[in-house]
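Peer 1: mind looking at a prediction? Sequence and model below.
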Amino acid sequence: MAPRLTVFFIVEPPEYQMMACYLAASLREQFGKTVALVGYCPASKIDVVSCNVKAALTKMDCDLRSFAVEGRFDPVYPHGNKLLATLEPRDTEFSCFMDSDILCLRPNAVENIVMTDHVSLTPAASMGWGKQAVWQSIYAAVGMTMPVERIKLMKQKKGNGRIPYFSSGLFSFPEQYRTPEGKSFPQVWMDVAQILDANPEIPSKRPYLDQMSLPLAIQKSGLAWNLLPDAQHFILGGKARGEPLPTDREIFTIHYRQWPLIKELGLSAQAKQMLVKHADVKKVAPETPDLTPETKQSVKDARRAKKSLKGLSPDEKKAARAARRATAAG
């Protein structure tokens, strides 16, 4: 029997709530009911999550939960939301965090993305925020020795292996694991992140604190890392933008970062089909506020005016706008 897994992600207005629905639909399509789904929203924004989003998530059997943000990072650190969500309790054997801008493309299995006593994840695409020498200061700040192992980053074309540095966009871990001190992996990760965050000598903590602290947290917790193939978390964009997906292997999951990249790869139709199938909607959009009759009429007038300018030269458009302003003033 496959281990039980919860996949969780951020559902935050405005844009991440939309992306989360496409992610949830793709998870239901490719993993079926073998995974539980949980979307987390900062407590201060839970009341403004779109009713359309809530309905879609409910249709896909995805729980929507809130978590506290205020006062937990100083200064405010939005990228830390994944860390705070990771700290929330779940009752499955494993949990897997996925960034909201991820899409699952092929039928998959829980066993492919989890491993006992390991944090399963992929190397980061790159490390543009610092040189390799910075790791000496980072490890020293936490009182840890540097790891011996070296890895190649996902988009690294040449050069020697690097000190392990991972993407926090997709990672799974054992929920019931505890250190000898009784701490879970998420608790150790938060401890390490807070130590680094408080150290003025550590550079580039915003927005890289989560990924900077991740390899140290894995080691400090007593777990090991399980490197997933990039087919399980294929990161798009960067210098490779415009290139098609690899054809020498099946890509299960893509991290698209921006919706235009989905369109460029011809995958938007698949994403929408999965949403229709599992949420029974063609798209998920925030509901529009109720408008007064006067406001509705103003909107219609503005649309007509805009339409009337089509086909005119720049000088003609300028004259038409001036005439409308004069009429309004008179």
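Peer 2: Received it, and whenever you're ready, just let me know what you need.
Peer 1: show me where this structure has strands.
Peer 2: 5-10, 35-42, 62-67, 94-98, 102-104, 118-123, 166-174, 224-227, 234-235, 253-255 (DSSP state E).
Peer 1: tell me which residues in the longest one are buried?
Peer 2: When burial is assessed from 16 or more other C-beta atoms under 10 Å, strand 166-174 yields the following buried residues: 166, 167, 168, 169, 170, 171, 172, 173, 174. Backbone N, C-alpha and C define where each C-beta goes, glycine included.
Peer 1: elements contacting that strand?
Peer 2: Secondary-structure packing of strand 166-174 (3 or more C-beta pairs under 8 Å, 6 or more residues apart in numbering; DSSP states H and E): strand 94-98, strand 118-123, helix 185-198, helix 205-221, strand 253-255.
Peer 1: do the first one as well
Peer 2: The elements that strand 5-10 packs onto, with contact taken as 3+ C-beta pairs under 8 Å, 6+ apart, are helix 15-31, strand 35-42, helix 81-87, strand 94-98.
Peer 1: hmm, try it at 6 Å
Peer 2: helix 15-31, strand 35-42, strand 94-98 (3 or more C-beta pairs under 6 Å, 6 or more residues apart in numbering; DSSP states H and E).
Peer 1: so can I have CSV of these showing mean neighbour count and mean pLDDT?
Peer 2: Shown next, in CSV, are the helices and strands packed on strand 5-10 (neighbours: other C-beta atoms under 10 Å; pLDDT from 0 to 100):
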stretch, mean neighbour count, mean pLDDT
helix 15-31, 24, 97
strand 35-42, 22, 98
strand 94-98, 24, 98
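Peer 1: let's have those in JSON lines, adding distance to residue 189.
Peer 2: Below are these laid out as JSON lines (distance: least, C-beta to C-beta, whole Å):
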{"stretch": "helix 15-31", "distance to residue 189": "21"}
{"stretch": "strand 35-42", "distance to residue 189": "16"}
{"stretch": "strand 94-98", "distance to residue 189": "11"}
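Peer 1: name the nearest residue to residue 62, ignoring sequence neighbours.
Peer 2: Computed as C-beta to C-beta, 6 or more residues apart in numbering, the closest residue to residue 62 that is not its neighbour in sequence is residue 37, at 3.8 Å.
Peer 1: cool, and residue 38?
Peer 2: Nearest residue to residue 38, sequence neighbours excluded (C-beta to C-beta, 6+ apart): residue 8, at 4.3 Å.
Peer 1: any idea how far residue 129 lies from residue 207?
Peer 2: 9 Å (C-beta to C-beta, to the nearest Å).
Peer 1: nearest residue to the middle of this protein?
Peer 2: The chain has residue 99 as the residue nearest its centroid, 1.9 Å off, counting by C-alpha atoms, centre = their mean.
Peer 1: for that one, give me its contacts.
Peer 2: Contacts of residue 99 were listed using C-beta atoms under 6 Å, 6 or more residues apart in numbering, and they are residue 169.
Peer 1: all numbers from here: first residue = 51
Peer 2: All set: I'll call the first residue 51, so the last point we hit is now residue 149.
Peer 1: domain-wise, how is the chain divided?
Peer 2: According to automatic domain parsing, the chain comprises the domains 55-329, 343-379.
Peer 1: between the ones you listed, which gets nearest to residue 335?
Peer 2: domain 55-329 (6.3 Å; C-beta to C-beta).
Peer 1: centre of the chain to the closest one, how far?
Peer 2: In terms of C-alpha atoms, centre = their mean, to the nearest Å, the gap separating the centre of domain 55-329 from the centre of its chain is 6 Å.
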